[in-house]
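**Q** sharing a model that was predicted from the sequence below.
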Amino acid sequence: YVEASKKMKWCPAPGCEHAIEFSAAGSGSYNYDVTCLCLHTFCWKCTEDAHSPVDCDTVAQWILKNSAESENTMWILANSKACPKCKRPIEKNHGCMHMTCSAPCRFEFCWLCLNDWKQHGASTGGYYACNRYEADKLEGKYDEDVKKREMAKSLLQRYAHYYERWAGNLKSRKNAMEDLERFQSVKIKNLSDTQKKPETQLKFIADAWRQIIECRRVLQWTFAYGYYLPETGLHERQLFFEFLQGEAESALERLHKCVEKDLVVFETDEPVVLQEDFNSYRTRLTGLTSVTETYFANLVKGLANGLADDSEAF
């Protein structure tokens, strides 16, 4: 029955045997993220981990890029040169220009001009310079090689910028999931005892953690979105995206601090913590959770609509 239905799919999580019905299919919704009873969240269309506001094609490109050999090739081009004799790539990790290829080649050459080291000495600049290279450089001999290497470095740095932040938010999301599990299994009982409140009245803290987990997921994928934004011709769009992303990140950090650090004072048995202080904390955390949820919902909608110039919605 599940295989024959267009509105039902098996959950792709390892070991899960639940089937999910997607009631929004065909409704024109831009969000295909669904959550199984096992709590695994995935995209209904491609069955990858949930990735709104990024479309499935972009996700496929990004995942391929993160594992592609092309990134290794780019790194080699940006940070190494081919041995003039055996053509194997060699990375320069010292200041000296005297290079020796690894065995069995063992060819010795100058890092700058790539000529045999036997032709070098004090008269050509010694170990830390190369007069021949400088002379040829003035004649434009190395312009194309330098241009290729600098372009590769620039592309690599741009990719690293987005990948590190994508991976950082993925890690933060996993940490938040562990924090939620720890709160529900251990901390909520301790907090209930110290604050003399039933666990049902502490649900707002778990809700805050769930919101953080969802926001980390969204923020994670905005960096993949940003990587594929055109660099030319849409400068204002890029600035608007970075503004929205920065505001979202700031809102999330405020919420994260409130639930992670500001809660600590209420987890002790110290009598100085007054009842009204905890009630005030509840109001503040609930408010931050609501504001952050609204902001990220609008952010997802804005990015899904292609960053239309309607900043009033935010």
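**A** It's in.

**Q** quick one: low-confidence ranges for the protein?
**A** 1-5, 24-31, 68-71, 73-74, 76-78, 142-143, 231-234, 269-276, 307-314 (pLDDT under 70).

**Q** on the three-state scheme, the one residue sitting closest to the centre of it is what?
**A** Closest residue to the average C-alpha location of the chain: W166 at 0.3 Å, with Cα atoms, centre = their mean. Following DSSP: H, G, I helix; E, B strand; the rest coil, the label given to W166 is helix.

**Q** wait, Y281 sits on L263?
**A** Yes: in this structure Y281 lies within contact range of L263 using Cβ atoms under 8 Å: 7.3 Å. C-betas here are computed from N, CA, C, even on glycine.

**Q** hang on, the earlier thing: name the element the closest residue to the residue nearest to the centre of the chain other than its chain neighbours belongs to?
**A** Spatially, and ignoring its direct neighbours in sequence, W166 is nearest to F223 (4.2 Å; Cβ to Cβ, 6 or more residues apart in numbering). Using DSSP states H and E, F223 falls within helix 203-227.

**Q** for that helix, packing partners?
**A** On a contact count with 3 or more Cβ pairs under 8 Å, 6 or more residues apart in numbering; DSSP states H and E, helix 203-227 meets helix 56-67, helix 143-182, helix 188-195, helix 235-260, helix 275-304.

**Q** next, the buried residues of the third one.
**A** If I follow you right, that is helix 188-195. For helix 188-195, a neighbour-count test (16 or more other Cβ atoms under 10 Å) marks 188, 191, 195 as buried.

**Q** format these as JSON lines; extra columns: distance to Q61.
**A** Below are these laid out as JSON lines (distance: Cβ to Cβ, whole Å):
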{"residue": "I188", "distance to Q61": "41"}
{"residue": "L191", "distance to Q61": "44"}
{"residue": "Q195", "distance to Q61": "49"}
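
**Q** and which of the residues you listed is nearest K301?
**A** I188 (33.0 Å; Cβ to Cβ).

**Q** quick check: that closest one vs L114, distance?
**A** Note on I188: its distance to L114, by Cβ to Cβ, to the nearest Å, is 66 Å.

**Q** list the contacts for the residue nearest to the centre of the chain?
**A** Applying Cβ atoms under 8 Å, 6 or more residues apart in numbering, we find W166 in contact with 62, 220-221, 223-224.

**Q** repeat that with 6 Å
**A** Taking Cβ atoms under 6 Å, 6 or more residues apart in numbering, we find W166 in contact with 220, 223-224.

**Q** looking at it, L255 is touching L288, isn't it?
**A** Yes: between L255 and L288 there is a contact under Cβ atoms under 6 Å: 4.6 Å.

**Q** have a look at the two and say which one is more surrounded.
**A** Higher neighbour count among L255 and L288: L255, with 24 against 21, using other Cβ atoms under 10 Å.

**Q** contacting residues around that one?
**A** 288, 292.

**Q** any figure for the gap between it and A60?
**A** In terms of Cβ to Cβ, L255 sits 31 Å off from A60.

**Q** M151 too?
**A** 25 Å.

**Q** can you report phi and psi for the residue with the largest distance to the centre of the chain?
**A** Residue farthest from the centre of the chain, counting by Cα atoms, centre = their mean, is S123 at 50.1 Å. Main-chain dihedrals, S123, degrees, to the nearest 10: phi -70, psi -20.
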